[in-house]
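Enquirer: The following block contains a protein sequence and its predicted model.
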Amino acid sequence: MRRAPESKALDRNLTLELARVTERAAVAAARWRGRGDEMSADQAAVDAMRSELNRLAIRGRVVIGEGERDAVPMLFIGEEVGAKTGPKVDLAVAPLEGSTLCAKDMPGAISIVAVAAAGSLLYAPDVYMDKIAIGPGYSKGIVDLDNEPGANIEALARAKGVGPRDITVCILDRPRHAELISKCRQAGAGVRLISDGDVAGIIFTAEPAETGVDMYLGQGGAPEGVLAAGALRCVGGQMQGRLMLDTSAKIARAASMGVTDPKKKYDTSELASGDVIVCATGVTDGPLLDGVIFDKGVIETETLVYRSSTGTVRRIRAEHRAPAKFEIE
């Protein structure tokens, strides 16, 4: 559920400020690459992101985070951030998306944050979400979360002017997806399995010519769903999601946050409406972004910045000259 969103567009300067937020979190996490310590990598990213967010001239509230209030010191749902000046905004955060990838120095770990006017992002508990996503250029409703995987694959193939064998579906490699994977392959589609990081997996659909991914399917975190929906809105992609409220405790928690229909199917604009800015910085090298590079007092980062009101996607490669304590100015 959302509060009534503020209609005013976000200050364009906020795009660069948010890039600094994810850059700093990514660098902090990257210092733990390959060390086998997921918790330390995640905590370093959280601390860096919180510190940088609290420097921004915003009155922010985390509506999609990495845990509930009792899960501190994570950036928890309901936490207030910012310098307590400027516009009221909603934030969806994943300081380190793919902590296992970072700990094992595997491809695809990123730091990502989305911001929108207060009342614009879905306010929901930290639960799983069932998701389907495709990229831009298709008529609305070409796929549907309630359809069988094969029906969605055939519909997308027809719209693309190819056969099902030319469709690739990205799915998290989890035991719970065994039947889904089987159905996609039975329909003739290829399946790209990813070990972690379904934000990036969903965003892959925005550029199928580059990533080779046409559709995303499966269950993953609700925070990642809202973050990815924000990015897809900026490029004209489509997504649907349904919160997995499969226990009475989850239903009650969602109801306390204003979710009146536990079976509601949300579309892209319901997950992230209004003027949305999404920033993502690579931690490890991956198909979406290059990872952080440390080189003799110079730290290099690569960041993607999406903005829905202008439909722009910016790729920022930055060099930060900070030999001792890392600071972004």
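Expert: Ah, there it is.
Enquirer: Now do the helices in the stretch 1-150 of the chain.
Expert: Ranges of helices in the stretch 1-150 of the chain, per DSSP state H, counting those that start in this stretch, are 14-30, 38-53, 99-103, 149-160.
Enquirer: my read: residue 218 touches residue 171, true?
Expert: Yes - here residue 218 lies in contact with residue 171, judged by CB atoms under 8 Å, at a distance of 4.7 Å. (C-beta placed from N, C-alpha, C; glycine too.)
Enquirer: helix, strand or coil for residue 220?
Expert: Here residue 220 is strand, with the state taken from DSSP: H, G, I helix; E, B strand; the rest coil.
Enquirer: Next one: it from residue 305, what distance?
Expert: Relative to residue 305, residue 220 is positioned 23 Å away (CB to CB, to the nearest Å).
Enquirer: hang on, the earlier thing: of residue 218 and residue 171, which one has the most company?
Expert: The residue with more neighbours, out of residue 218 and residue 171, is residue 218; 25 against 22, by other CB atoms under 10 Å.
Enquirer: For residue 183, grab the count of nearby residues.
Expert: Counted with other CB under 10 Å, the burial measure for residue 183 works out to 18 neighbours.
Enquirer: just the one 5 residues further on next, same as before
Expert: Residue 188 is flanked by 15 other residues according to other CB under 10 Å.
Enquirer: and the gap between it and residue 163?
Expert: Residue 188 is 7 Å from residue 163, by CB to CB.
Enquirer: Relative to its centre, which residue of this structure is most distant?
Expert: With distances taken as CA atoms, centre = their mean, the residue sitting farthest from the centre of the chain turns out to be residue 296, at 31.6 Å.
Enquirer: Tell me which residue is most central in the chain.
Expert: The centre of the chain sits closest to residue 227, judged by CA atoms, centre = their mean, with a distance of 3.3 Å.
Enquirer: Next up, the contacts around residue 204.
Expert: Contacts were defined as CB atoms under 8 Å, 6 or more residues apart in numbering; by that measure residue 204 touches 170, 211-213, 216, 287-288.
Enquirer: Okay, and which of these map to strands?
Expert: Judged by DSSP state E, the subset of the contacts of residue 204 located in strands is 170, 216.
Enquirer: To residue 133, which of the helices of the stretch 1-150 of the chain lies closest?
Expert: Closest to residue 133 of the helices of the stretch 1-150 of the chain is helix 149-160 (CB to CB; 10.8 Å).
Enquirer: counting contacts, what elements does the closest one pack onto?
Expert: Packing partners of helix 149-160 (3 or more CB pairs under 8 Å, 6 or more residues apart in numbering; DSSP states H and E): helix 178-186, strand 215-221.
Enquirer: Most tightly packed of these?
Expert: strand 215-221 (a mean of 25; mean count of other CB atoms under 10 Å).
Enquirer: Please enumerate residues in contact with that strand?
Expert: 126-134, 143, 149, 152-153, 156, 167-172, 174, 176-177, 180, 184, 189, 198, 201-202, 204-205, 244.
Enquirer: With adjacent residues omitted, what lies nearest to residue 194?
Expert: The spatial neighbour of residue 194 that comes closest, neighbours along the chain excluded (CB to CB, 6 or more residues apart in numbering), is residue 201 at 5.2 Å.
Enquirer: Where does that neighbour sit: helix, strand or coil?
Expert: helix.
Enquirer: any idea how far residue 108 is from it?
Expert: 9 Å.
Enquirer: now residue 121
Expert: Shown here: residue 121 relative to residue 108, a distance of 24 Å by CB to CB.
Enquirer: When those two are compared, which one has more neighbours?
Expert: The residue with more neighbours, out of residue 121 and residue 108 and counting by other CB under 10 Å, is residue 121; that gives 29 against 24.
Enquirer: pLDDT score for the more buried one?
Expert: The predicted local confidence for residue 121 comes out at a pLDDT of 92.
Enquirer: What are the buried residues along the helix or strand where residue 192 lies?
Expert: In this structure, residue 192 is located in strand 190-194 according to DSSP states H and E. Residues of strand 190-194 classed as buried: 190-192, 194 (neighbour count, 16 or more other CB atoms under 10 Å).
Enquirer: Any idea how many residues pack against the closest residue to residue 202 other than its chain neighbours?
Expert: Leaving aside its chain neighbours, residue 202 sits nearest to residue 228 (3.7 Å; criterion: CB to CB, 6+ apart). Other residues lying near residue 228 total 37 when counted by other CB under 10 Å.
Enquirer: State whether residue 228 is indeed within a helix.
Expert: Yes - the assignment for residue 228 (three-state DSSP) places it in a helix.
Enquirer: Make 9 the starting number, not 1.
Expert: Sure, I'll start numbering at 9, so the last one becomes residue 236.
Enquirer: quick one: low-confidence parts of the stretch 59-208 of the chain?
Expert: Across the stretch 59-208 of the chain, residues meeting the criterion (pLDDT under 70) sit at 75-81.
Enquirer: All set now, cheers.
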